[in-house]
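Visitor: Pasted the sequence and its predicted model underneath.
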Amino acid sequence: MKKLAIIGCGGIGSYHLGHFKQFTDIVELAGFCDLIPERAENFVKEAGSGKAFTNYIEMYDEIQPDMVFICIPPYCHGEIEFETIRRGIPFFVEKPLALDLDLARRIRDAAEAKNLITASGFQCRYSKLVEPNLKFCRENEIVFIDCTRIGGVPGVFWWKDKDLSGGQIVEQTIHQFDIIRYTFGEPEEVCTYGTRGFVKGIPDYNTDDCSVTIVKFKNGTIGTISTGDYATSGNSFDSKIIFSSRDKRAELKILGTFEVFGEKPAEPEGENGGFVIKGDGALGKAGGSIVYHEEGDAGILCDRTFIEAVISGDGSKVRSPYRDAFKSVAFTMACNESMATGKPVKVELE
Ligand SMILES: NC(=O)c1ccc[n+]([C@@H]2O[C@H](COP(=O)([O-])OP(=O)(O)OC[C@H]3O[C@@H](n4cnc5c(N)ncnc54)[C@H](O)[C@@H]3O)[C@@H](O)[C@H]2O)c1
């Protein structure tokens with residue numbers, strides 16, 4: 001049986017471990033590495049197999065894994081990937097891959113030079129809602145995309161420092177940027193404004209509270225992506241992506257629902273229904289909607305797809321290999337650059 005190892009036994013590592021425990025029919029849970037020994041030891045206990053390490057080189061030497069999940073914070077990438085590639089080990093790496101695009105480029109090219117199967121942590125691509133979303137974007141000419149994700153500040157120490165996490169767009173709402181790319185298409189240019197000073201009571205907080213990005217897509221569609229981490233209660237939480245065409249609109253709540261408005265005929269109209277002032281260009285009552293609900297667990301499917309790819313040697317079903325994940329990181333990094341310079345920035349996807 002192929003041997004699996006994990007580097008980084010923190011929050012997202014334990015999410016993956018929860019999945020791995022369901023895959024013991026196809027893979028041996030062999031090695032767990034974290035700089036904090038108790039974290040790796042707890043993973044061994046939880047897995048019921050394998051050995052704990054604090055040094056990944058020692059783990060690689062002793063375990064000789066066939067695949068590895070790299071689940072370390074954004075500022076820690078580089079050396080681990082290059083050593084993994086040097087040894088020819090296929091790897092799954094958590095988003096956002098790295099905080100330096102040149103570094104990510106070199107990792108991408110080195111992995112491809114060795115023909116390694118790679119994957120990244122964009123599990124939303126494995127949602128059952130992706131299929132109707134793709135169909136909607138294929139069959140309708142999308143004029144405008146409007147995305148909002150307002151949440152809170154994650155608890156990990158490195159998150160509040162933009163130099164360590166990449167900030168709220170790169171680290172957190174990159175899932176939204178990624179799913180827009182995957183289901184709709186590629187960005188060409190972004191212009192982002194951010195704000196600070198609204199998150200209170202977190203010592204040394206040093207990143208943006210909220211940002212608004214205007215995106216010009218390659219096909220001429222425009223969009224806005226508004227994301228924030230200032231929310232302290234569910235009342236301010238919001239998360240949705242609207243894809244709007246001339247006669248229909250779809251609303252995606254990632255891993256929740258995909259609702260298409262305008263597929264069904266409208267209810268009969270009252271005399272002035274839908275108009276603000278008759279004749280001002282506002283439209284009458286919209287058609288009814290069709291709702292698709294999420295089924296299954298996209299995270300499990302994401303991890304299993306990579307593991308099965310390594311076992312079979314066929315990486316074609318992996319929906320987010322390193323090369324593609326790089327493009328989502330580049331999309332978000334362009335927003336950071338625009339925020340820093342106050343200028344529109346072209347997205348360098350290659
Ligand atoms: N895909 C998702 O939805 C999702 C969700 C949460 C987090 N993440 C990503 O996962 C990554 C990790 O986030 P987290 O919340 O698990 O962070 P965390 O701080 O909880 O865990 C990271 C762990 O990595 C360990 N580590 C760091 N450098 C190491 C090294 N050289 N060798 C061994 N261990 C090392 C740390 O000690 C820590 O235990 C981030 O990039 C984050 O963006 C992805």
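Guide: Okay, I see it.

Visitor: Would you point out which residue of this structure is nearest the ligand?
Guide: Taking CB to the nearest ligand atom as the measure, the chain has residue 10 as its residue closest to the ligand, at 1.9 Å. Every C-beta, even on glycine, is put in place using the N, C-alpha and C of the backbone.

Visitor: next one: phi and psi at that residue?
Guide: Its backbone dihedrals place residue 10 at phi -100, psi -140, with angles given as degrees, to the nearest 10.

Visitor: That one and residue 39 touch, don't they?
Guide: Yes. Counting by CB atoms under 8 Å, residue 10 does reach residue 39; the two are 6.6 Å apart.

Visitor: who has more neighbours, these two?
Guide: Legend: neighbour count by other CB atoms under 10 Å for residue 10 and residue 39, higher for residue 39 (18 against 15).

Visitor: need the contact list for that one.
Guide: Contacts for residue 39 (CB atoms under 8 Å, 6 or more residues apart in numbering) come out as 9, 10, 13.

Visitor: Among these, pick out the one closest to residue 51, please.
Guide: In terms of CB to CB, no member of these lies closer to residue 51 than residue 9, at 12.5 Å.

Visitor: Would it be right to say that the closest one lies in a strand?
Guide: No. Residue state for residue 9 (DSSP: H, G, I helix; E, B strand; the rest coil) corresponds to coil; a strand is not indicated.

Visitor: ok, now how distant is it from residue 16?
Guide: Residue 9 sits at a distance of 10 Å from residue 16 (criterion: CB to CB, to the nearest Å).

Visitor: can stretch 121-129 be found next to the ligand?
Guide: Yes. Legend: contact between stretch 121-129 and the ligand by CB under 6 Å from any ligand atom is shown at 121, 123.

Visitor: tell me how far the ends of that stretch are from each other?
Guide: 17 Å (CA to CA, to the nearest Å).

Visitor: Can you pull the residues that touch both of residue 9 and residue 16?
Guide: Here residue 9 and residue 16 share the contacting residues residue 71, scored by CB under 8 Å, 6+ apart.

Visitor: Comparing these two, which shows the higher neighbour count?
Guide: The residue with the greater number of neighbours, taking residue 9 and residue 16 and applying other CB under 10 Å, is residue 9; the counts read 27 against 24.

Visitor: show me what contacts that one?
Guide: Applying CB under 8 Å, 6+ apart, the residues near residue 9 are 17, 32, 33, 34, 36, 39, 40, 42, 43, 71.

Visitor: Looking at those, which is nearest residue 26?
Guide: Looking at those and their distance to residue 26, the nearest is residue 17, at 15.4 Å (CB to CB).

Visitor: The closest one and residue 47 touch, don't they?
Guide: Yes. Proximity of residue 17 to residue 47 meets the contact threshold set by CB under 8 Å, at 6.4 Å.

Visitor: that older thread, return only those of the contacts of residue 9 found close to the ligand.
Guide: Restricting the contacts of residue 9 to those touching the ligand (CB under 6 Å from any ligand atom) yields 33, 34, 36, 39, 71.

Visitor: Report the buried members of these.
Guide: Among those, the ones that count as buried by 16 or more other CB atoms under 10 Å are 33, 34, 39, 71.

Visitor: Just the ones in helices from these, please.
Guide: residue 39 (DSSP state H).

Visitor: Please list the residues of the chain that sit near the ligand.
Guide: 7-13, 33-36, 39, 56, 71-74, 76, 80, 94-95, 121, 123, 156, 171.

Visitor: Filter these down to the buried ones.
Guide: When the residues of the chain next to the ligand are checked for burial by 16+ other CB under 10 Å, the buried set is 7-9, 12-13, 33-34, 39, 56, 71-74, 76, 80, 94-95, 121, 123, 171.

Visitor: which residues touch residue 263?
Guide: Under the criterion of CB under 8 Å, 6+ apart, the neighbours of residue 263 are 248, 287, 288, 289, 290.

Visitor: among those residues, which one has the lowest pLDDT?
Guide: pLDDT across the contacts of residue 263 is lowest for residue 287, at 69.

Visitor: Would you map the helices across the stretch 51-200 of the chain?
Guide: In order along the chain, the stretch 51-200 of the chain carries the following helices (DSSP state H, counting those that start in this stretch): 56-63, 79-86, 101-113, 130-139, 162-165, 167, 174-183.

Visitor: Burial-wise, tell me which of those helices comes out on top.
Guide: Mean neighbours per residue, mean count of other CB atoms under 10 Å, is largest over the helices of the stretch 51-200 of the chain for helix 167, with a mean of 28.
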